[in-house]
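Asker: this one's structure only:
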């Protein structure tokens, strides 16, 4: 959102002579000027009482009940199909540094969007989208655990003070001591209002709301000194979203903070996993391939006969540097036929269970089928890796949303049987087609409740792409693709594939490892405008040791200042 200069006005210019409504001796008012709304509280000694009337502020500020028909691409699960545009758009900062940090945040959002949680509240809310998540060092009070921080956009009918009251109720419910806790100290949940916009105009205009109250100030008065707020806020709202009183964009504020405070290496993007674990994107993550099939193109039949052998190979890849083990019971090589769900489960679940007994390494299940995904997650896997991006099985997105695990969304056309006949793209622009398709897939996943902070995307090298298409995608990975995919973590799977054999002349897939490493490293580095753009990558490979060594060198070079 950008607000032109004529819409901005300092809160200091508000006159106390405005018409007000008086409640319990406290005078409150709303003033709208050039479509910027200001709320003030004239009795600074008056606190919000539990029975504070939210209706009266609404009467003063509303001036009508009209709403606009906006595209609410994401909403809470119980209201998603019949979503309506609510009166306000609110950007919230979310954080936690006690207990299961991600689950604390997830529960808080569920409570916020659940009307049954606070039946006394007159108004509903729904989640629209999320930022990514970051592990950050504590600020102000340093002797405490690191925080998990993010930002979310909601729509709500609640006015600012009513929303504040609901947020405080959620914090108390999740164990935060609001009366006796250490200020800026450890807390299981922290929910802060950053910005409030009135989006009810029939003309589609958005009016930033400014609140000056003893209990609440909007915009949040300290956000400009907090990288752990500005970083996810930029991901959520965009770097051009403008602070209505400072007259600076979020991108400008973050750049200024970084220039004065140094780099933000302590603000590390993470992917949440079950049981309070995380994948850390401060380095390139190597995903080791474990094909539990008799017919995969490279190593089919090598690991499907013995559970012990499969587990031993998984442990070997882990010792060589694999951050994820990707298991699949169905080959998706060109021309491969669909395998029954029951057979996939028989191939994968015993290995997942046995590996989980001896190792906590993150496990992804490579499947297009929702029932396989569910069985694998329940057996101990952590991530669903779907080559169809959730399009093959109509139950997949809702299943992953229910399981609350990350999902890798890959681009492909057709099925493994038909995809190599579908390599032609409009105007020959394979990159634009793949990017647009992945953005649509990401939005569909978000609509289903798979939020952006648990998504990874994969351009699908070798899936419905010809030789030139594969090379174009790799060439644009570090530039066009990364920028246009809104910063979503990126997985590349080039390992031992046919296009590498055509270039090198190597017919034996198992002998293509050196070239496979080169394809990934060059793709990540080629044309990259800055070292920071090399982050948030996962490389899916057969040869873990060689790839890990290469990524360690690449990451070390990229981090030099």
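Answerer: Sure, I can see it. All of these numbers come straight from a predicted model, not from anything done at the bench. Numbering: from 1, shown residues only.
Asker: pretty sure residue 168 contacts residue 178?
Answerer: Yes: applying C-beta atoms under 8 Å, one finds residue 168 in contact with residue 178, separated by 6.3 Å. (Glycine included, C-beta is placed from N, CA and C.)
Asker: which of these two has more neighbours?
Answerer: residue 168 (15 against 10; other C-beta atoms under 10 Å).
Asker: Ramachandran coordinates for that one?
Answerer: phi -70, psi -30 (degrees, to the nearest 10).
Asker: switch to numbering from 46
Answerer: Sure, I'll start numbering at 46, so the last one becomes residue 213.
Asker: Now do the contacts for it.
Answerer: residue 223 (C-beta atoms under 8 Å, 6 or more residues apart in numbering).
Asker: ranges for the strands of the stretch 446-595 of the chain?
Answerer: Remark: strands assigned in the stretch 446-595 of the chain by DSSP state E, counting those that start in this stretch are 452-455, 500-503, 535-537, 582-586.
Asker: who touches the shortest one?
Answerer: Yep, that's strand 535-537 we're talking about. Outside strand 535-537, the residues that reach it (C-beta under 8 Å, 6+ apart) are 332, 453, 455, 501-504, 506, 519, 522, 526-527, 565, 568-569, 581-585.
Asker: if you set the cut-off to 6 Å instead, what comes out?
Answerer: Here strand 535-537 makes contact (C-beta atoms under 6 Å, 6 or more residues apart in numbering) with 453, 501, 503, 565, 582-584.
Asker: Also the last one?
Answerer: Residues lying outside strand 582-586 but in contact with it, judged by C-beta under 6 Å, 6+ apart, are 329-332, 535-538, 540, 565, 569, 592.
Asker: circling back: could you dump the strands of the stretch 446-595 of the chain into JSON lines and include mean pLDDT?
Answerer: Shown next, in JSON lines, are those (pLDDT from 0 to 100):
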{"stretch": "strand 452-455", "mean pLDDT": "98"}
{"stretch": "strand 500-503", "mean pLDDT": "97"}
{"stretch": "strand 535-537", "mean pLDDT": "95"}
{"stretch": "strand 582-586", "mean pLDDT": "95"}
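Asker: which stretch among those comes nearest residue 254?
Answerer: Closest approach to residue 254 among the strands of the stretch 446-595 of the chain (C-beta to C-beta): strand 500-503, 30.6 Å.
Asker: so what secondary structure elements neighbour that closest one?
Answerer: Packed against strand 500-503 by the contact rule (3 or more C-beta pairs under 6 Å, 6 or more residues apart in numbering; DSSP states H and E) you find strand 452-455.
Asker: May I have the strands that pair with the strand it packs on, each with its orientation?
Answerer: If you go by DSSP bridges, strand 452-455 pairs up with strand 428-431 (parallel), strand 500-503 (parallel).
Asker: That strand: how far from the chain's middle?
Answerer: Relative to its parent chain, strand 452-455 has a centroid offset of 12 Å by C-alpha atoms, centre = their mean, to the nearest Å.
Asker: Look at residue 424 and say how many residues are nearby.
Answerer: 19.
Asker: got it, and the one 5 residues further on?
Answerer: Other residues lying near residue 429 total 29 when counted by other C-beta under 10 Å.
Asker: Bridged to it, which residues?
Answerer: residue 410, residue 452.
Asker: again with residue 179
Answerer: Applying DSSP bridges, one finds that residue 179 bridges with residue 194, residue 314.
Asker: you'd agree it is up against residue 193?
Answerer: No: the criterion here is C-beta atoms under 6 Å, and residue 179 misses it with residue 193 at 7.4 Å.
Asker: could you measure the most centrally placed residue in the chain against residue 257, distance?
Answerer: The structure's the chain has its C-alpha centroid closest to residue 498; by C-alpha atoms, centre = their mean the separation is 1.8 Å. Look at residue 498 and residue 257: by C-beta to C-beta, to the nearest Å, they are 32 Å apart.
Asker: what does residue 471 give?
Answerer: 52 Å.
Asker: do residue 366 as well
Answerer: From residue 366 to residue 257 the distance is 53 Å (C-beta to C-beta).
Asker: for residue 399, same thing?
Answerer: For residue 399, the distance to residue 257 - C-beta to C-beta - is 61 Å.
Asker: Residue 581 too?
Answerer: From residue 581 to residue 257 the distance is 39 Å (C-beta to C-beta).
Asker: If you count surrounding residues, which of these two has more?
Answerer: Using other C-beta under 10 Å as the criterion, residue 581 and residue 257 rank with residue 581 on top: 22 against 17.
Asker: Give me the pLDDT for the more buried one.
Answerer: Per-residue pLDDT puts residue 581 at 76.
Asker: Verify the contact between it and residue 325 for me.
Answerer: No: Residue 581 is beyond contact range of residue 325, at 10.3 Å (criterion: C-beta under 6 Å).
Asker: mind checking the backbone torsions on residue 181?
Answerer: Torsion angles, degrees, to the nearest 10, at residue 181: phi -130, psi 150.
Asker: Residue 312 is in contact with that one, correct?
Answerer: Yes: using C-beta under 6 Å, residue 181 is in contact with residue 312, at 5.0 Å.
Asker: where do the contact lists of these two overlap?
Answerer: residue 273.
Asker: So which of those two has more stuff around it?
Answerer: Taking residue 181 and residue 312 together and counting by other C-beta under 10 Å, residue 181 has the greater number of neighbours (23 against 20).
Asker: residues contacting the more buried one?
Answerer: 192, 194, 273, 312.
Asker: try 8 Å this time
Answerer: Here residue 181 is in contact with 191-194, 272-273, 311-313 (C-beta under 8 Å, 6+ apart).
Asker: What of residue 498?
Answerer: Applying C-beta under 8 Å, 6+ apart, the residues near residue 498 are 175-178, 195, 316-317.
Asker: if you set the cut-off to 6 Å instead, what comes out?
Answerer: 175, 177-178.
Asker: same deal with residue 129?
Answerer: With C-beta under 6 Å, 6+ apart, residue 129 has no contacts at all.
Asker: Provide the secondary structure category for it.
Answerer: Applying DSSP: H, G, I helix; E, B strand; the rest coil to residue 129 yields a three-state assignment of coil.
Asker: what's the spacing between it and residue 157?
Answerer: In terms of C-beta to C-beta, residue 129 sits 17 Å off from residue 157.
Asker: Residue 463 now?
Answerer: 44 Å.
Asker: Phi, psi for residue 135 please.
Answerer: phi -130, psi 140.
Asker: Report the beta-bridge partners for it.
Answerer: residue 199, residue 241.
Asker: Would you agree it is in contact with residue 198?
Answerer: No: applying C-beta under 6 Å as the test, residue 135 and residue 198 come out as separate, 7.3 Å apart.
Asker: before we move on, the earlier item: neighbour count winner among residue 463 and residue 157?
Answerer: When neighbours are counted by other C-beta under 10 Å, residue 463 and residue 157 differ, and residue 157 comes out ahead with 26 against 12.
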